[in-house]
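J.: starting from these lines, generate the structure:
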Amino acid sequence: MKILLDTNVVLDHFLERKPFAHAAGLIFTATEQRKLETYVGATTVTTIHYLATKSLGSKQGRSVIERLLRLFELAPLNRTILASALLLKFSDFEDAVLHEAAIHSGAQAIVTRECKGFENANLSVYSADEFIVAYTSLNL
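T.: Numbers count the residues shown, from 1 in each chain. Model prediction:
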């Protein structure tokens, strides 16, 4: 199954934010085990780099990004996606961009902590906990 992770789920894992880190960690593990094909947005990578470098230093920040790039595929970000996102009735442009990137990458779902921001989505949207429950058949 192909999914796109919202930035907040990636941060939940790396920052071990309770109570969200456990479900995010299960998704990371399933991705490492190739049970999931997981995408992140290009903006997620730049946001994570900024936050990791700021809190952990340059060397650790780089290490975090190297892990992200080994583990996840990157959802596309181009003029077409940005223009499509502008046409959506989303209250948050960043969510609209991630939605369109997910669609263009062929993802079947978005996993986020802010499901409300994706209420007009054209694909399934789950919290990390909901995704784990919905896809127990994947042995997550």
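J.: which helix or strand contains L74?
T.: L74 belongs to strand 73-75 when assigned by DSSP states H and E.
J.: buried residues, the helix or strand just after that strand. List them.
T.: Note on strand 73-75: by DSSP H and E, the next helix or strand toward the C-terminus is helix 79-87. Residues 81, 84-85 are the ones in helix 79-87 that count as buried (16 or more other CB atoms under 10 Å). (C-beta placed from N, C-alpha, C; glycine too.)
J.: which outside residues touch stretch 60-78?
T.: Stretch 60-78 is touched from outside by 4-5, 10, 14, 28, 31-32, 37-45, 48-49, 52-54, 56, 97-98, 101-102, 104-105, 107, with contacts defined as CB atoms under 8 Å, 6 or more residues apart in numbering.
J.: what subset of those is buried?
T.: Using 16+ other CB under 10 Å, the buried members of the contacts of stretch 60-78 are 4-5, 10, 14, 28, 31, 38-41, 44-45, 48-49, 52-53, 97-98, 101-102, 104-105, 107.
J.: thinking again about what came up before, among the contacts of stretch 60-78, which ones are in strands?
T.: Among the contacts of stretch 60-78, the residues falling in strands (DSSP state E) are 4-5, 37-41.
J.: could you identify the most distant pair in the residues you listed?
T.: Farthest apart among the ones in strands among the contacts of stretch 60-78 by CB to CB are E37 and G41. That separation is 15.0 Å.
J.: do you know the pLDDT at H99?
T.: If you check H99, the pLDDT there is 97.
J.: so it makes contact with N122?
T.: Yes: between H99 and N122 there is a contact under CB atoms under 8 Å: 7.5 Å.
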